[in-house]
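Participant: Predicted model follows, preceded by the sequence.
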Amino acid sequence: MALASIPTRSPAAVGCARRIAIAAGGTDLILEDGRRVAIAALPDEAGARRCRRALNHVVSVRIEGSADDPRAELRGIGNRLPVTLAVPVATALALIDTGVPAVVRLTEAGAA
């Protein structure tokens, strides 16, 4: 297969999320440049509290994947060591709402 024929995913949204807005059917992530990215989940404050209790310091949240199936991970400091945890997207949204810095990298829904 020639290198030029390998399908690539072009990012639909790349940036830092500054805040969230609850919308009909989900949540909108508002990026630093003003763009909005729709996520079909509502923030889970209880999950965010559990993450904050489990870690000494929450450093950042990363949301990646396709727009119709995003994945989230949390980076923080556990018992003196850096930790990366997979968390539900709803928990990540609640952490973003409390001011945790977030990086978003989503591709278009259905992209090959």
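Facilitator: Thanks, I have the structure now. Residues are numbered from 1 along each chain as shown.
Participant: Who are the contact partners of the residue most central in space within the chain?
Facilitator: The residue lying closest to the centre of the chain (Cα atoms, centre = their mean) is Ile63, at 2.4 Å. Contacts here follow Cβ atoms under 8 Å, 6 or more residues apart in numbering; on that basis Ile63 touches 17, 29, 39, 70-72, 89, 92, 102-106. The way it works is simple: take the backbone N, C-alpha and C, and place the C-beta from them, glycine included.
Participant: what do you get if the cut-off is 10 Å, keeping everything else the same?
Facilitator: 13, 17, 29, 37, 39, 70-73, 87, 89, 92-93, 96, 102-106 (Cβ atoms under 10 Å, 6 or more residues apart in numbering).
Participant: Now it: which helix or strand?
Facilitator: strand 57-66 (DSSP states H and E).
Participant: Parallel or antiparallel, list what pairs with that strand.
Facilitator: strand 69-77 (antiparallel), strand 102-107 (parallel) (DSSP bridges).
Participant: Going by neighbour count, which residues of it are buried?
Facilitator: Residues of strand 57-66 classed as buried by neighbour count (16 or more other Cβ atoms under 10 Å): Val58, Ser60, Val61, Arg62, Ile63.
Participant: Kindly report the same for stretch 26-33.
Facilitator: The neighbour-count check on stretch 26-33 (16+ other Cβ under 10 Å) flags Thr27, Asp28, Leu29, Ile30, Leu31 as buried.
Participant: And the residue nearest to the centre of the chain, what's its pLDDT?
Facilitator: Per-residue confidence at Ile63 stands at 94 (pLDDT).
Participant: any idea which strand is longest in this protein?
Facilitator: strand 11-23 (DSSP state E).
Participant: nearest to Asn79, of the buried residues of stretch 26-33?
Facilitator: Leu29 (30.8 Å; Cβ to Cβ).
Participant: so the closest one sits in a strand?
Facilitator: Yes: membership of Leu29 in a strand is supported by DSSP: H, G, I helix; E, B strand; the rest coil.
Participant: Next one: Arg35 from Arg53, what distance?
Facilitator: In this view, Arg35 and Arg53 are 33 Å apart by Cβ to Cβ, to the nearest Å.
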